[in-house]
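Return a 3D structure for these sequence lines:
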Amino acid sequence: MKLASLKSGRDGELILVDDAQQRACRVSNIACTLQSALDRWEKVKPELESAYKALCHGDVESFPFNESECHSPLPRAYHWADGSAYVNHVELVRKARGAVMPESFWTDPLMYQGGSDTFLAPHDPILMADEAWGIDFEAEVAVMTDDVPMGVSVEAAAQHIKLLMLVNDVSLRNLIPGELGKGFGFYQSKPSSAFSPLCVTPDELGDAWQEGKVHLPLIAQLNETLIGNPNAGVDMTFNFPQLIAHAAKSRPLGAGTIIGSGTVSNKDRASGSCCLAEVRMLEIIADGEAKTPFMQFGDRIRIEMRDAAGKSIFGSIDQVVRRYEGTQ
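Numbers count the residues shown, from 1 in each chain. Next up is the predicted model:
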């Protein structure tokens with residue numbers, strides 16, 4: 001199934017989108033919002049699947065689908081935690097600043113809990129007050145779960161993955177050192193994230209969904225220039241079941257929990273990068289200095305993933321950085 005949320009109120013209106021991503025139908029008789037569906041997933045999934053089949057066969061009232069009318073699938077969520085599953089990316093960033101990476105990073109996942117009350121719509125601007133904050137995109141894959149018990153095993157965690165989507169985990173690179181220097185983690189340096197217009201059930205990925213990973217390239221384009229298209233299933237040290245089990249070690253996870261993969265990164269640098277920080281670190285290692293600037297007002301980032309036939313799976317995250325003109 002392909003699901004989306006139209007912009008409507010705080011939590012959006014749940015719709016189904018056909019396989020061609022041309023038509024959509026409302027399912028308020030089943031669930032008004034995606035959060036409501038996830039709260040009752042085992043009960044409503046068969047009803048949603050039936051409606052999805054009818055939509056794809058043209059047997060239900062539908063309307064034209066437009067990505068720009070969508071919010072993130074969950075416009076706000078009870079829990080958003082982002083991992084750093086591509087440890088080679090972490091190693092690269094630390095190497096560039098001369099920091100030794102602890103061996104434990106290869107065996108114990110890194111994860112932080114981000115703000116989840118004000119997600120951005122996938123085609124809405126990234127509003128920032130100051131370019132000097134070091135505005136960066138991070139192209140990632142994410143999963144949504146149903147209720148996950150505390151202490152869940154890795155094997156059992158796999159059964160709690162209900163939906164997948166893409167994410168732009170916006171980062172303010174020049175604010176990060178000061179925050180981490182306090183020893184208390186990210187806050188101001190991690191503003192609102194945006195997710196792809198569509199979220200899909202794992203079966204929509206076919207053979208690309210294996211071993212708790214998505215084995216497809218993730219495309220990141222800045223101002224129509226390809227920055228990278230690394231394969232999300234390659235060099236992923238920790239898969240999604242491992243990330244979920246890590247998050248649930250000491251607490252249960254509520255339905256609608258979102259777990260991100262961290263910036264997708266391959267050891268083979270020919271595939272490029274999914275964030276500007278990595279581009280800059282490679283420049284520092286090669287030439288002694290970073291030459292690529294962080295994002296400026298007017299810059300446009302587009303993030304997308306296509307299947308083997310070239311068809312977009314999740315729709316696109318397509319955002320322009322704009323100056324925030326609100327309260328200073």
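
unless I'm mixing things up, residue 274 is touching residue 226, no?
No - judged on C-beta atoms under 8 Å, residue 274 makes no contact with residue 226 at a distance of 11.1 Å. All C-beta spots, glycine's among them, are computed from the backbone N, C-alpha and C.

So for these two, which sits in the more crowded spot?
Shown here are residue 274 and residue 226; by other C-beta atoms under 10 Å, residue 274 has more neighbours (30 against 11).

returning to what we had before: and for residue 274 and residue 226, which residues touch both?
Taking C-beta atoms under 8 Å, 6 or more residues apart in numbering as the criterion, residue 274 and residue 226 both touch residue 220.

How much space separates residue 187 from residue 180?
Using C-beta to C-beta, to the nearest Å, one obtains 11 Å as the distance from residue 187 to residue 180.

cool, and residue 106?
Taken as C-beta to C-beta, the span from residue 106 to residue 180 is 20 Å.

Tally up the residues packed near the residue nearest to residue 32 when sequence neighbours are not counted, please.
Distances taken as C-beta to C-beta, 6 or more residues apart in numbering place residue 14 nearest to residue 32, at 6.3 Å, with adjacent residues excluded. Number of residues near residue 14 (other C-beta under 10 Å) recorded here: 24.

per-residue pLDDT, residue 14?
With respect to pLDDT, residue 14 has a value of 98.

That one belongs to a strand, doesn't it?
Yes - Residue 14: assigned to a strand according to DSSP: H, G, I helix; E, B strand; the rest coil.

measure it to residue 95 for me?
Distance of residue 14 to residue 95, given as C-beta to C-beta: 44 Å.

Any stretches of the stretch 51-200 of the chain with poor pLDDT?
96-98 (pLDDT under 70).

and residue 111, what are its bridge partners?
residue 83 (DSSP bridges).

Tell me which residues touch it, please.
Applying C-beta under 8 Å, 6+ apart to residue 111 gives the contacts 81, 82, 83, 84, 243, 246, 247.

and the residues you listed as TSV, adding distance to residue 24 and neighbour count?
Converted to TSV, the contacts of residue 111 look like this (distance: C-beta to C-beta, whole Å; neighbours: other C-beta atoms under 10 Å):
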residue	distance to residue 24	neighbour count
81	29	20
82	29	25
83	31	24
84	35	22
243	31	28
246	35	18
247	32	23
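
all strands for the stretch 51-200 of the chain, in order.
Taking DSSP state E, counting those that start in this stretch, the strands of the stretch 51-200 of the chain run over residues 63-64, 70-71, 80-83, 111-113, 126-128, 135-136, 139-145, 161-168, 171-172, 194-195, 199-200.

Put the alpha carbons of the longest one into CSV.
The C-alpha trace of strand 161-168 is given here as CSV (Å, rounded to 0.1, in the frame of the first residue of the first chain):
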residue,chain,number,x,y,z
ILE,A,161,8.0,-2.3,11.0
LYS,A,162,4.7,-1.3,9.3
LEU,A,163,5.7,1.5,6.9
LEU,A,164,8.7,3.1,5.3
MET,A,165,9.4,6.6,4.0
LEU,A,166,12.3,9.0,3.3
VAL,A,167,13.4,11.9,5.5
ASN,A,168,15.4,15.1,5.2
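
what angle separates that strand from strand 139-145?
Strand 161-168 and strand 139-145 are oriented at 150 degrees to each other (axes from the mean of the first three to the mean of the last three C-alpha atoms, to 10 degrees).

before we move on, the earlier item: reformat the strands of the stretch 51-200 of the chain as a markdown table; add distance to residue 206.
Below are these laid out as a markdown table (distance: least, C-beta to C-beta, whole Å):
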| stretch | distance to residue 206 |
| --- | --- |
| strand 63-64 | 26 |
| strand 70-71 | 24 |
| strand 80-83 | 24 |
| strand 111-113 | 28 |
| strand 126-128 | 32 |
| strand 135-136 | 32 |
| strand 139-145 | 16 |
| strand 161-168 | 12 |
| strand 171-172 | 32 |
| strand 194-195 | 22 |
| strand 199-200 | 11 |
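
Give me whichever of these is most buried.
Among the strands of the stretch 51-200 of the chain, the stretch with the highest mean neighbour count (mean count of other C-beta atoms under 10 Å) is strand 194-195, at a mean of 29.
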